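> sequence? don't have it. structure:
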């Protein structure tokens, strides 16, 4: 029983790690498609999205059957419950990468981004991918100190997002309202992607320590 | 044991219903604050938000202790697992109402919305509040047919959201980029609020039937 149990716990952890990898890779490809107005890459993210959704369902079923058949307690129970919550976060990360790809596809063959803000999204994309990799690492190592660092990594994303708003709100903005609307949504997608990665870290901290750090609330609103 | 167990299950269900009520009422007040540029109402939503966060934590603890002490199976296990997922959705609904209030506060004493789009947000607010009430009803009745109807209610929100984009993208838009950025974010907050309510319905369907309806994916991107 115990052997089967450990095996199932490991499988669940591996699947979560795999999901985090897929979500990070989706955001990487989506960002490339956005920056290069590359329809093939956008389509790839869109058609690959089912893999993440399928893994989500598999993880939920696995967690459920672990609870039903093994009735874990204490730390093991925390692992499974956290697993259920982490699935939802990573699933959402995948959906946000999908949204980026869909905006790219909708604007093709035009570029969604005016050249002026390309750099912001290249950097937001880089940080998002890094946060995806960190989330995966934290899921593997279960190191609460490493998990807490995701919040620091997210600060760079927050700074970029805040700065992006000041660019949009500037009187010198000459790319029109339609581009501003796209950029506002895109900025939000990257910010939320990062927030969910941080949330994975927060859940891993709970899983290991039994203490849940205070909730993240870093949504930025334009201040100008 | 069984009596204590039923009592705890009922408590969890009641707390989820209470959370849904608070989230709906937060969105109602936030919408009023937005439409009237009313700082007092905005501050009320912001200061009341802790109640939702606190209830979230209480629900999670209760679900966890149910799993740890009662090791439920089958339908009961589904109830508790769904409860954990529903908490996250309602928590997020509260956070989205909070964002609306924060934009209102940031723009005060100015109105965030140009008169031209007031009607959209009055209607989106109305639908959001209705979806919050429906989510609560579904949590109480556990009626899967009623739960499936949340998706239909959400269609009106989707239509409004889509139409709002066409207003923003119109060449006749004369309220500038800053207003368009605010409206884009606000539209997204209402849309996501509705999505989470639909998701609650989807989870209730799973809880009752053991079958999870296909995932919602109605995010709208501007098409103009």
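It's in. Just so we're clear, the structure is a prediction, and the values are computed from it rather than from any experiment.

> from chain A, which residue is nearest to chain B?
Proximity of chain A to chain B (Cβ to the nearest Cβ) peaks at residue A:71, 3.9 Å away. (Each C-beta comes from the backbone N, C-alpha and C, glycine too.)

> that residue against residue B:71, yeah?
Yes. Under the criterion of Cβ atoms under 8 Å, residue A:71 makes contact with residue B:71 at 3.9 Å.

> and the strands in chain A, which stretches?
Counting by DSSP state E, chain A has no strands at all.

> which stretches of it have low pLDDT?
A:1-2, A:215-220, A:223-224 (pLDDT under 70).

> in it, which spans are helices?
Using DSSP state H, the helices of chain A run over residues A:2-36, A:39-70, A:74-107, A:115-141, A:144-169, A:176-209.

> ok, the closest residue to residue A:37 other than its chain neighbours - how many residues close by?
Excluding its sequence neighbours, the residue lying closest to residue A:37 (Cβ to Cβ, 6 or more residues apart in numbering or on different chains) is residue A:111, at 4.5 Å. Residue A:111 has 15 neighbours, counted by other Cβ atoms under 10 Å in any protein chain shown.

> so residue A:111 touches residue A:38, yeah?
No. At 10.2 Å, residue A:111 does not count as touching residue A:38 under the criterion of Cβ under 8 Å.

> got any residues that touch both of these two?
Overlap of the contact sets of residue A:111 and residue A:38 (by Cβ atoms under 8 Å, 6 or more residues apart in numbering or on different chains) is empty.

> can you count the residues close to the closest residue to residue A:43 other than its chain neighbours?
Using Cβ to Cβ, 6+ apart and skipping the chain neighbours, the partner closest in space to residue A:43 is residue A:105 (6.9 Å). The tally of other residues near residue A:105 (other Cβ under 10 Å) stands at 19.

> what do you get for residue A:196?
24.

> can you check residue A:50 too?
Using other Cβ under 10 Å: residue A:50 sits among 10 other residues.

> any idea how far it lies from residue A:87?
Distance, residue A:50 to residue A:87, using Cβ to Cβ, to the nearest Å: 16 Å.

> next one: residue A:81
When residue A:81 is compared with residue A:87 (using Cβ to Cβ), they lie 11 Å apart.

> likewise residue A:23?
11 Å.

> and those two? Which one has more around it.
Counting neighbours by other Cβ under 10 Å for residue A:23 and for residue A:87 shows that residue A:23 has the greater number, 33 against 24.

> hmm, residue A:95 and the more buried one touching each other?
No. Residue A:23 is beyond contact range of residue A:95, at 9.0 Å (criterion: Cβ under 8 Å).

> and residue A:75, how many residues sit next to it?
As a burial measure, residue A:75 scores 11 neighbours (other Cβ under 10 Å).

> mind listing what it touches?
Here residue A:75 is in contact with A:207, A:208, A:210 (Cβ under 8 Å, 6+ apart).

> what sits against the first one?
Taking Cβ under 8 Å, 6+ apart, we find residue A:207 in contact with A:75, A:78, A:79, A:82, A:142.
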